[in-house]
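K.L.:
Take this sequence and fold it.
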Amino acid sequence: MRMTMTISLPAGTKKKLDSYIAKEHVNRSDVVREALRQYFAREEFQRLRGILIPEAQSLGLYKDEDIFEKVS
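P.N.:
Numbering: from 1, shown residues only. Below you'll find the predicted structure:
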């Protein structure tokens, strides 16, 4: 179910958004939905990273190369 909401943006941000949607011929709502999807995905990645890095370090894994060495 979709719901409508109103947001406020700084004038410069709205101008960039309007310019982008005119140039790319996309829907303003689609751009905002995609931006929010990416924001939430990045936040979840950071949350998981915060959990997993200490665990990896406790196993002596500090770099990608350390992991590749373990699984090779």
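
K.L.:
which other helices and strands contact the biggest helix by length in the chain?
P.N.:
Looking across the chain with DSSP state H, the single longest helix is helix 28-58. Under the contact criterion of 3 or more Cβ pairs under 8 Å, 6 or more residues apart in numbering; DSSP states H and E, helix 28-58 touches helix 11-24. Bear in mind the C-beta positions are built from the backbone N, C-alpha and C, glycine included.

K.L.:
Run through who's touching the helix it packs on.
P.N.:
Leu9, Val26, Asn27, Arg28, Val31 (Cβ atoms under 8 Å, 6 or more residues apart in numbering).

K.L.:
and the angle for that helix with helix 28-58?
P.N.:
With axes from the mean of the first three to the mean of the last three Cα atoms, to 10 degrees as the basis, helix 11-24 and helix 28-58 are set at 110 degrees to each other.

K.L.:
ok so, going back, show me just the buried residues among the contacts of helix 11-24.
P.N.:
Buried subset of the contacts of helix 11-24 (neighbour count, 16 or more other Cβ atoms under 10 Å): empty, as none qualifies.
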